[in-house]
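> can't give you the sequence, but here's the structure:
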């Protein structure tokens, strides 16, 4: 039963980490290298993630720097960033790219907050699905006479507390991201 509980907790933790990863990719008007995670570059016929071809750094709150290890692909990297439809326009100086992060409009901020909330709701649904799966495993154990009814209730209560904790954590992550999004 403890293994079922640990597996349920692990899956809920992974859901929370997935949410944090999704939210890191949402542009908040501040420079972060996570914005470039989805950029893929055609490197001599092979589609390769940008982070495997270049050093990506934050210069200041509104500027990113990308320095390809192979200087001959600077134009290819530039085109890949433009093609990723991130709303970013790199500026090349021949050896590296500076990427200014434009400030977000109020309307765009509100749209992004809606997207953040959608990701949050999806994460909550995923946590609840994990709870359901965990409870189903426990009920099967009880049917196989490996678990008493009292023990089943006790473990279901533990799973519910775990679910409540993770839902609260999702809400905290969302609240923090919304605050970050609305800062000017």
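Structure received. None of these values were measured; they are calculated from a predicted model.

> quick one: mean pLDDT for stretch 158-170?
Per-residue pLDDT over stretch 158-170 has a mean of 95.

> may I see the buried residues of that stretch?
Going by neighbour count (16 or more other CB atoms under 10 Å), the buried part of stretch 158-170 is 158-159, 162-163, 166-167, 169-170. Heads up, the C-betas are built off the backbone N, CA and C, glycines and all.

> just the strands in the protein please.
40-43, 46-49, 54-60, 63-68, 91-92, 97-100 (DSSP state E).

> now do the first one: which elements does it pack against?
Yep, that's strand 40-43 we're talking about. Counting contacts by 3 or more CB pairs under 8 Å, 6 or more residues apart in numbering; DSSP states H and E, strand 40-43 is packed against strand 46-49, helix 74-83.

> domain parsing for this structure?
If you go by automatic domain parsing, the domain ranges for the chain are 2-25+105-182, 33-100.

> what is the end-to-end distance of stretch 89-107?
One end of stretch 89-107 sits 21 Å from the other (CA to CA, to the nearest Å).

> roughly how far is that stretch from the heart of the chain?
Distance, stretch centre to chain centre, for stretch 89-107: 22 Å (CA atoms, centre = their mean, to the nearest Å).

> next: stretch 150-158.
With CA atoms, centre = their mean as the basis, stretch 150-158 stands 32 Å off its chain's centre.

> now that stretch: buried residues?
Under 16+ other CB under 10 Å, the buried positions of stretch 150-158 are 152, 155-156, 158.

> closest one of those to residue 34?
residue 158 (34.3 Å; CB to CB).
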